[in-house]
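> here is my input; please provide its structure:
(chains A and B, ligands or ions: 2)
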Amino acid sequence: MLDIKPIFNAIRRSKIGAVLLLLQIALTMSIVSNAAFMINDHVSYLRKDTGFPEKEIFSFAVMTFGKDRSLSQQAEVDETMIRNLPGVINATLSQAVPLSGGGSTSTMRLRPSPETSKSVSVAYYNTDEHGLETFGVKLIEGRNFRPEEVIIGDDFNGNGPNTIIVSQPFVEALFPDGNALGQTVYFSNRPLQIIGIVETMKSPWPSSDRDEITALVPFIDAKNYQHIVVRADKNERANIMANIEQNMLDAYDKRVIINVDGLDKTKENYDATDVLMMRMLIVLVVILLLITALGIFGLTQFNISKRTKQIGTRRALGARKSAIVRYFLIENTMVCMAGLFIGGVAAVVLGDVMMKTYSISSLELEFIVGTAIFIFAMSIFAVIFPAMRAANISPSIATRSI
Amino acid sequence: MLTMNNVSKIYQTNSVQTHALRDFSLTVNEGEFIAVTGPSGSGKTTFLNIAGLLEPFTSGQYTLDGVDIGGLSDNQTADLRNQKIGYIFQGFNLIPDLNLYENVEVPLRYRGIAAKERKIRIEQCLEQVGLASRAKHLPQQLSGGQQQRVAIARALAGKPRFLLADEPTGNLDSLMARQVMELLEEINKNGATIVMVTHDAELARRAPRNIQVVDGQLADFTLYQGKPTLAATRDNETVVASGV
Ligand SMILES: Nc1ncnc2c1ncn2[C@@H]1O[C@H](COP(=O)(O)OP(=O)(O)OP(=O)(O)O)[C@@H](O)[C@H]1O
Ligand SMILES: [Mg+2]
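Residues are numbered from 1 along each chain as shown, chains lettered A, B, ... in the order given. Ligands and ions are numbered 1, 2, ... in the order given. Model (predicted):
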């Protein structure tokens, strides 16, 4: 038998403590469910496949100050030198390093502008025919670039490439019916034929929402500041990285080699502020939950000490110990449920605002339900021990205290 | 109804032992109305608490309505309290967050009585104490005498065979006290056995049987007929004063 009505009336008549607790639970609910969702979102992002064998890849930047050589020719020499190093699988020039936070995007369309047609924003890597193997991405349809398809130069529109390799999400975005192989897309009004499709290849901005629509463009335009990406045997990589500066300077010394980083390290750096924020969020959530649990515990303790005589009287009137425990559990459940309901509504509103303001995905129901269950279980835990002590109050208190 | 045989109660606090009851023996028959008097600290409340199953005793034997109390579980004593005993406290002990109706309802809910039956009983009991019209009021909106009448209604609602009252008029003025006493007498006439602790000699005299507790023991008992006994003279001067 549940004494819901009289307990509800009692709460209603001595409201302040209950209302404060209710608001605290509501606040905790709305913040924790959103935070849990964000944390989960982030963890699944961190675990997501980037398409790159990160532990086999490293990159570095070359800043050339010498004016006595053709940069593109030197780049060819460097690439060949690196490929011949023991342990190296392949190497390529690339204007952007994957997962690094720096790169290029462009709009690609089905028809040249000014014709209106379906278009999509694409993060692209300018590489040569070694790019595919160096990046370690999986080709699922078509073929790699042929050497003669790789254009070396600086006039993309006038004398640029004619082919492109795109990612599967690129295909899904621009060719929902499939059948992308052999089709033409326009990049700065230059028609490029899709000759290959790779499964997964993240952009330089893996945490953004345009992280998967990517392409390889066979165009080498060596600059004073140039990235080289190298793929090597996992166990040899550290060794090769340690010597790469010397090897490069031995080949030509009027330049500086910087930012020699493994791709895993590059991604870690890229994620660092995010990870820090998530850690702070986790700490915040834990503190918030602890404070709420303490609040429930404290209010129950307070209620019990305030109601010692009442509890003794109830026992004298025939309440079993279990009835006293049940009283506090029901009281807690009612306050908690009301708080969780209000908090749940607030969570949806908050999630909505955050989705619109920070363009994060919308809060999923299971996080609201999960958080509610967790907070409720926690509240039961916080109530049960004081309630059990309350049940041990002697019925003789009824006559002994005035 | 109630038989105590050499019941003792020892309170143990910080190596100090208080013998609140010593070899206390008493028989109370069905339908009696007993007033318990005695000096402060003599053990009256202790006796009443043990009689009412509110606290355990240290040694001896206690039988209530044919049930041996020693060795009952906590749940069993709770159920016995709920079914057989009604309590009236000096401080009324109404639950401040509940209105009068809900207060009277408390023991009925613990007994698991259905809502419809509860309503009938509560209204009847509040009627009996003359407060039916104030069922929705909170205790603090009532005078002391009215609160005590609600407490009596609560004690009566479960139709107990045995009513225990510890100084039920202790917090009331003499007019209110008389009203409460009249109510108790009426209840006794209807068949309930009543044991009442009181400091009020006038009220004690109205009870058919008086007992005195002195130093944890039954000092003497006698049918009070207006003349103070020796024991009463010794232990309760006011009895003498008002009895003259
Ligand atoms: N919980 C307790 N712990 C220790 N000693 C107690 C406890 N309760 C009562 N006593 C002691 O037991 C003795 C009897 O107390 P009791 O309350 O029964 O007296 P009383 O006759 O009801 O007194 P009064 O007329 O003042 O109400 C007293 O000496 C008291 O101090
Ligand atoms: Mg007393």
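
> dump stretch A:16-30 to CSV, keeping only the CA atoms.
Taking C-alpha atoms only, stretch A:16-30 is exported to CSV below (Å, rounded to 0.1, in the frame of the first residue of the first chain):
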residue,chain,number,x,y,z
ILE,A,16,10.8,25.1,0.6
GLY,A,17,13.3,22.2,1.1
ALA,A,18,11.5,20.0,-1.3
VAL,A,19,11.3,22.8,-4.0
LEU,A,20,15.0,23.6,-3.6
LEU,A,21,15.9,20.0,-4.0
LEU,A,22,13.5,19.6,-7.0
LEU,A,23,15.1,22.5,-8.7
GLN,A,24,18.6,21.1,-8.0
ILE,A,25,17.5,17.8,-9.5
ALA,A,26,16.0,19.5,-12.5
LEU,A,27,19.2,21.5,-13.1
THR,A,28,21.4,18.4,-12.7
MET,A,29,19.2,16.5,-15.0
SER,A,30,19.2,19.1,-17.8
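
> quick one: that stretch near chain B?
No. Using Cβ under 8 Å from any Cβ of the partner chain, stretch A:16-30 stays clear of chain B, coming no nearer than 10.9 Å. C-betas here are computed from N, CA, C, even on glycine.

> who touches that stretch?
Applying Cβ atoms under 8 Å, 6 or more residues apart in numbering or on different chains, the external contacts of stretch A:16-30 come out as A:11, A:288-289, A:291-292, A:295-296, A:299, A:302-303, A:335-336, A:338-340, A:342-344, A:346-347, A:349-350, A:371-372, A:375, A:379.

> show me what contacts the residue of the stretch 201-350 of chain A at minimum distance from chain B?
Closest contact between the stretch 201-350 of chain A and chain B, by Cβ to the nearest Cβ, is at A:G318 (2.3 Å). Applying Cβ under 8 Å, 6+ apart to A:G318 gives the contacts B:78-79, B:81-83, B:107, B:110-111, B:158.

> the helix ranked longest in chain B: what's the following helix or strand?
Using DSSP state H, we find that the single longest helix of chain B is helix B:174-189. Using DSSP states H and E, the helix or strand that follows helix B:174-189 in sequence is strand B:193-197.

> that following strand pairs with which strands?
strand B:33-37 (parallel), strand B:162-166 (parallel) (DSSP bridges).

> dump those strands to a markdown table, plus mean pLDDT, distance to ligand 1 and mean neighbour count.
Listed next are these as a markdown table, based on pLDDT from 0 to 100; distance: least, Cβ to the nearest ligand atom, whole Å; neighbours: other Cβ atoms under 10 Å in any protein chain shown:
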| stretch | mean pLDDT | distance to ligand 1 | mean neighbour count |
| --- | --- | --- | --- |
| strand B:33-37 | 94 | 9 | 25 |
| strand B:162-166 | 93 | 7 | 25 |
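
> now do the helices in the stretch 201-350 of chain A.
A:237-251, A:263-306, A:308-316, A:321-358 (DSSP state H, counting those that start in this stretch).

> give me the phi and psi for the residue of chain A most remote from its centre.
Going by Cα atoms, centre = their mean, the residue of chain A most distant from its centre is A:T399, 62.7 Å out. Dihedral pair for A:T399: phi -100, psi -20, per degrees, to the nearest 10.

> would you mind measuring from the residue lying closest to it once chain neighbours are set aside to A:L317?
Of all residues not flanking A:T399 in the chain, B:D166 sits nearest, at 5.0 Å (Cβ to Cβ, 6 or more residues apart in numbering or on different chains). Separation of B:D166 from A:L317 (Cβ to Cβ, to the nearest Å): 15 Å.

> A:K5 now?
18 Å.

> higher neighbour count, the two?
A:L317 (28 against 12; other Cβ atoms under 10 Å in any protein chain shown).

> who touches the closest residue to the more buried one other than its chain neighbours in this structure?
Using Cβ to Cβ, 6+ apart and skipping the chain neighbours, the partner closest in space to A:L317 is B:P107 (4.3 Å). For B:P107, the contact set (Cβ under 8 Å, 6+ apart) comprises A:317-318, B:82, B:154, B:157-158.

> for the chain, just list every one of the strands.
Since no chain was named, I'll use chain A. Ranges of strands in chain A, per DSSP state E, are A:57-64, A:88-94, A:104-109, A:119-127, A:139-142, A:151-152, A:163-167, A:184-187, A:190-198, A:214-220, A:225-232, A:255-262.

> let me rephrase: I mean chain B.
Under DSSP E, chain B gives strands at B:2-13, B:16-28, B:33-37, B:59-64, B:67-68, B:85-88, B:162-166, B:193-197, B:209-214, B:217-222.
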